[in-house]
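Chemist: Mind looking at a prediction? Sequence and model below.
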Amino acid sequence: MTLSQILTPSIEKAVQALFDIAIDKVEFQTTRKEFEGDITMVIFPLLKVIKRNPVELGNKIGNYLVENVTEVSRFNVVSGFLNIVISDEYYLDFFNGIKDNAKFGFVAPSRSFGTEDKAVMVEYSSPNTNKPLHLGHVRNNLLGYAVAEIIKASGKKVYKTQIINDRGIHICKSMLAWQKFGNGETPESTGLKGDKLVGNYYVAFDKAYKEQIAQLISEGKTEDEAKKQAPIILEAQEMLLKWEAGDAEVISLWKTMNQWVYDGFAITYKNLGVDFDCYYYESNTYLLGKDVVQIGLEKGVFEKDPDGSVWIDLTDEGLDRKIVLRSDGTAVYMTQDIGTAIQRVKDYPDVGGMVYTVGNEQDYHFKVLFLILKKLGFDWSKNLFHLSYGMVDLPSGKMKSREGTVVDADDLMQEMTDTAQKIAEDLGKLDTYSAEEKAKLYNTIGLGALKYYILKVDPKKRILFNPEESVDFAGNTGPFIQYTYARIQSIIRKANFDYVIPSAVEELHEKEKELLKQLELFPEVIQNAAHNHSPALLANFTYDLVREYNSFYQAVPILGEENLEKKIFRVQLSKKVADTIAASFRLLGINVPERM
């Protein structure tokens, strides 16, 4: 139980006993640094029902708590705020309760079948199979993966999924360019990752297409005519028709080149440290939803126009009319997304909600999608969430980029590892490391810096990502937190006693208490981060914990403490801080080094 949960019923009893008034809510806040206290009750809301001076009111409640609640040792009142000091015994009992609990902060998934206990499906990544993953995909993957892990830690079963855009004209462009310019190249023959190879042909198509447009314009065509009549785009459109008709040769090439891309993606995902439980492919889902349109027509949710197209009118909801079926009977993306959502619940009947990790340019699309599913009568539609996020920008010239615009995910990760190597070598603390140990450490620091820098920011905010700033060993960065973890591991290795020895400490140093107060927040932070779909809450909690630990480390001796009981306790407390750092970073997909 949290302090607020412990104190709330006691304060309700105090108000009932002192003033014969029943209250159903108590408001708390963190005690301000300049006042003594561990938690603060806000008195002002009570003034509406108890016409007393707020200081008098606070003193009466404070005295009641000291006399009747063992956890409360003393208090002070400042204006309308009751600052409550909690006993050392409470915090020592709390520590002894979590010291050997490897799952501290985590909630095991419930086995009951209430709506609140249903599984959550988290969608992220969702790339096209015509080019490699880029910087935008990096933020998408890191957010989706972290949110999935945090929701899982909060007590829910989670399925991680993605829908792969593996069909359409953009895929045919790469295929056609490979046929025309490829000379039979393969990932094996070129030494390129498959997604890079296919991406090169997408670029080659675009180059040839632009050249043909320019040629047609020089022959007197308008730009619009040239774009429609360029021979290479007509061939790509013809290839798409053949694919839709099931042409054996086209399908065979499609499968081969897509597999090259999947193999390339798998390497990037492994290096990035993300994974998936199930996959959906647009080639299988693009026809889904058409049958739902008929159901929607019968329910009066949709309406058919004279030309045969089907729409939904959402103007009463502050939106607009949205097409769900074209006049020729073909589906639009909205139709596919409706069908795919329904199919996912059919495939995984325990799913009671979904999280879509998609950039903020699709905010309107998801408002419409969720509203349509609600109007169609699906109960789980109330548990759909669009994890909307802003773009990631880079300072000019900081990174390699394809055609000067798109930053390749693999290049970005390598750049981060190289940056970590440069900074670590400048610090000159790795003389005893083998080449293999150094390479592993550079990767851990580099990727930790990248992930933390992105995840510490509220998802809705746009990010300006500076690689060198992210690898700084001071400030709110991944390496700063990793370094503190490694420092604690060094302390533990040097400790000359068995860690499991019980501590007999009865009184806490102020810095020990502050550290325990921060640790106590961990379970609540996980729940809040899950509820708000915000890894930033967990990332910044971890930074605050590390800052509090470093303040403790500077203020009191640990291995140098002469009193054995205090020494044991401080090493044990240090280890629990390190365990919590590692657990928190694990949810964010970040590794921690044993030495640094």
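Modeler: Now that the structure is in, tell me what you want to look at.

Chemist: which sections of this protein are below the confidence cut-off?
Modeler: 110-116, 396-405, 499 (pLDDT under 70).

Chemist: Find the centremost residue of it, please.
Modeler: The centroid of the chain falls nearest to L143 when counting by Cα atoms, centre = their mean (2.8 Å).

Chemist: my read: it touches D458, true?
Modeler: No - between L143 and D458 there is no contact under Cβ atoms under 8 Å: 10.7 Å. For glycine as for every other residue, the C-beta is placed from the backbone atoms N, C-alpha and C.

Chemist: Report the contact partners of N53.
Modeler: Residues near N53 by Cβ atoms under 8 Å, 6 or more residues apart in numbering: none.

Chemist: do A245 as well
Modeler: Applying Cβ under 8 Å, 6+ apart, no residues contact A245.

Chemist: can you tell me how far the residue nearest to G353 when sequence neighbours are not counted sits from N466?
Modeler: Excluding the flanking residues, the one nearest G353 by Cβ to Cβ, 6 or more residues apart in numbering is N383, at 3.0 Å. N383 sits 37 Å away from N466, going by Cβ to Cβ, to the nearest Å.

Chemist: Please say which of the two ends up with more neighbours.
Modeler: N383 (17 against 14; other Cβ atoms under 10 Å).

Chemist: Kindly provide the distance from the more buried one to V345.
Modeler: 11 Å.

Chemist: likewise A555?
Modeler: For A555 relative to V345 (Cβ to Cβ), the value is 54 Å.

Chemist: Please say which of those two ends up with more neighbours.
Modeler: Using other Cβ under 10 Å as the criterion, A555 and V345 rank with V345 on top: 18 against 12.

Chemist: so who does the more buried one touch?
Modeler: V351, F378, W380.

Chemist: What is the nearest of those to N443?
Modeler: Ranked by distance to N443 (Cβ to Cβ), the contacts of V345 are led by V351 at 34.9 Å.

Chemist: Residues in a beta bridge with that closest one, which ones?
Modeler: A119 (DSSP bridges).

Chemist: Now do Y452: how many residues are near it, please.
Modeler: By the criterion of other Cβ under 10 Å, Y452 has 27 neighbours.

Chemist: Please name the nearest non-neighbouring residue to it.
Modeler: Nearest one to Y452, counting by Cβ to Cβ, 6+ apart, is G478 at 3.2 Å.

Chemist: What is the neighbour count of that neighbour?
Modeler: G478: 33 neighbours (other Cβ under 10 Å).

Chemist: tell me the secondary structure for V324?
Modeler: Assigned with DSSP: H, G, I helix; E, B strand; the rest coil, V324 falls in the strand class.

Chemist: let me redo that: G199
Modeler: Strictly by three-state DSSP, G199 counts as helix.

Chemist: Report how many residues lie close to the closest residue to it other than its chain neighbours.
Modeler: Nearest residue to G199, sequence neighbours excluded (Cβ to Cβ, 6+ apart): K131, at 3.9 Å. As a burial measure, K131 scores 21 neighbours (other Cβ under 10 Å).

Chemist: surely K131 meets Y202?
Modeler: Yes - counting by Cβ under 8 Å, K131 does reach Y202; the two are 5.4 Å apart.

Chemist: Would you mind grabbing the residues shared as contacts by those two?
Modeler: With Cβ under 8 Å, 6+ apart, K131 and Y202 have common neighbours S174.

Chemist: Could you check how far the residue lying closest to P459 once chain neighbours are set aside is from L537?
Modeler: Excluding its sequence neighbours, the residue lying closest to P459 (Cβ to Cβ, 6+ apart) is Y389, at 4.3 Å. According to Cβ to Cβ, Y389 and L537 sit 15 Å apart.

Chemist: Which one's more surrounded, those two?
Modeler: Y389 (24 against 21).

Chemist: which residues does that one form a beta bridge with?
Modeler: Residues in beta-bridge contact with Y389 (DSSP bridges): G359.

Chemist: Report the contact partners of it.
Modeler: R139, N140, L143, T357, G359, N360, P459, K460.

Chemist: are any of those residues buried, and which?
Modeler: The neighbour-count test (16 or more other Cβ atoms under 10 Å) marks R139, N140, L143, T357, N360, P459 as buried among the contacts of Y389.

Chemist: now, which of these lie within strands?
Modeler: Mapping these onto strands (DSSP state E) picks out T357.

Chemist: Turn the buried ones among the contacts of Y389 into TSV, columns for distance to S10.
Modeler: Listed next are these as TSV, based on distance: Cβ to Cβ, whole Å:
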residue	distance to S10
R139	45
N140	46
L143	40
T357	42
N360	45
P459	38
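
Chemist: Just name the closest of the buried ones among the contacts of Y389 to Y64, please.
Modeler: Using Cβ to Cβ, those come closest to Y64 at P459, 43.4 Å.

Chemist: what sits against that closest one?
Modeler: L143, L387, S388, Y389, G390, H533, S534, P535, A536.

Chemist: From those residues, pick the one nearest K157.
Modeler: Using Cβ to Cβ, the contacts of P459 come closest to K157 at H533, 16.6 Å.

Chemist: Report how many residues lie close to the nearest residue to H386 once chain neighbours are set aside.
Modeler: Using Cβ to Cβ, 6+ apart and skipping the chain neighbours, the partner closest in space to H386 is F366 (3.9 Å). Residues lying near F366 (other Cβ under 10 Å) number 18.

Chemist: so which of the contacts of Y389 comes closest to T190?
Modeler: N140 (27.7 Å).

Chemist: Surely that closest one and V122 touch.
Modeler: No - taking contacts as Cβ under 8 Å, N140 lies outside contact range of V122: 11.4 Å.

Chemist: intersection of neighbour lists for those two?
Modeler: T357.

Chemist: ok, the closest residue to T190 other than its chain neighbours - contacts?
Modeler: Distances taken as Cβ to Cβ, 6+ apart place L197 nearest to T190, at 6.0 Å, with adjacent residues excluded. Residues near L197 by Cβ under 8 Å, 6+ apart: E185, T186, P187, T190, W260, G264.

Chemist: re the thing from before, with the contacts of Y389 in mind, which one is nearest to A22?
Modeler: Among the contacts of Y389, and counting by Cβ to Cβ, the member closest to A22 is K460, at 39.8 Å.

Chemist: State the distance from the closest one to D363.
Modeler: K460 is 10 Å from D363, by Cβ to Cβ.

Chemist: Please enumerate the shared neighbours of these two.
Modeler: S388.

Chemist: can you give me the strands for the stretch 201-350 of the chain?
Modeler: Along the stretch 201-350 of the chain, counting by DSSP state E, counting those that start in this stretch, strands occupy 278-281, 303-304, 310-313, 321-325.

Chemist: Check which helices and strands the one helix or strand L92 maps to sits against.
Modeler: Using DSSP states H and E, L92 sits within helix 88-98. Using 3 or more Cβ pairs under 8 Å, 6 or more residues apart in numbering; DSSP states H and E, the elements in contact with helix 88-98 are helix 510-520, helix 564-587.

Chemist: and the ones you listed as CSV, adding mean neighbour count and distance to I164?
Modeler: Converted to CSV, the helices and strands packed on helix 88-98 look like this (neighbours: other Cβ atoms under 10 Å; distance: least, Cβ to Cβ, whole Å):
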stretch, mean neighbour count, distance to I164
helix 510-520, 20, 41
helix 564-587, 21, 26
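
Chemist: Of the ones you listed, give the one that comes closest to K152.
Modeler: helix 564-587 (8.4 Å).

Chemist: Could you check the angle the closest one makes with helix 510-520?
Modeler: In terms of direction (axes from the mean of the first three to the mean of the last three Cα atoms, to 10 degrees), helix 564-587 departs from helix 510-520 by 30 degrees.

Chemist: Which elements pack onto helix 564-587?
Modeler: helix 88-98, helix 135-153, helix 478-494, helix 510-520, helix 522-532, helix 535-555.

Chemist: send the alpha carbons of that helix over as PDB?
Modeler: C-alpha atoms of helix 564-587 as PDB (Å, rounded to 0.1, in the frame of the first residue of the first chain):
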ATOM      1  CA  LEU A 564      28.800  -2.700  10.400                       C
ATOM      2  CA  GLU A 565      25.000  -2.600  10.700                       C
ATOM      3  CA  LYS A 566      24.900   0.800   8.800                       C
ATOM      4  CA  LYS A 567      27.400  -0.500   6.300                       C
ATOM      5  CA  ILE A 568      25.300  -3.600   5.600                       C
ATOM      6  CA  PHE A 569      22.100  -1.600   5.300                       C
ATOM      7  CA  ARG A 570      23.700   0.900   2.900                       C
ATOM      8  CA  VAL A 571      25.100  -1.800   0.600                       C
ATOM      9  CA  GLN A 572      21.700  -3.500   0.600                       C
ATOM     10  CA  LEU A 573      19.900  -0.200  -0.100                       C
ATOM     11  CA  SER A 574      22.400   0.400  -2.900                       C
ATOM     12  CA  LYS A 575      21.700  -3.000  -4.400                       C
ATOM     13  CA  LYS A 576      18.000  -2.400  -4.300                       C
ATOM     14  CA  VAL A 577      18.400   0.900  -6.100                       C
ATOM     15  CA  ALA A 578      20.500  -0.900  -8.800                       C
ATOM     16  CA  ASP A 579      17.900  -3.600  -9.200                       C
ATOM     17  CA  THR A 580      15.200  -1.000  -9.600                       C
ATOM     18  CA  ILE A 581      17.300   0.900 -12.200                       C
ATOM     19  CA  ALA A 582      17.800  -2.400 -14.100                       C
ATOM     20  CA  ALA A 583      14.100  -3.300 -13.900                       C
ATOM     21  CA  SER A 584      13.000   0.100 -15.000                       C
ATOM     22  CA  PHE A 585      15.500   0.200 -17.900                       C
ATOM     23  CA  ARG A 586      14.500  -3.300 -18.900                       C
ATOM     24  CA  LEU A 587      10.900  -2.100 -19.400                       C
END
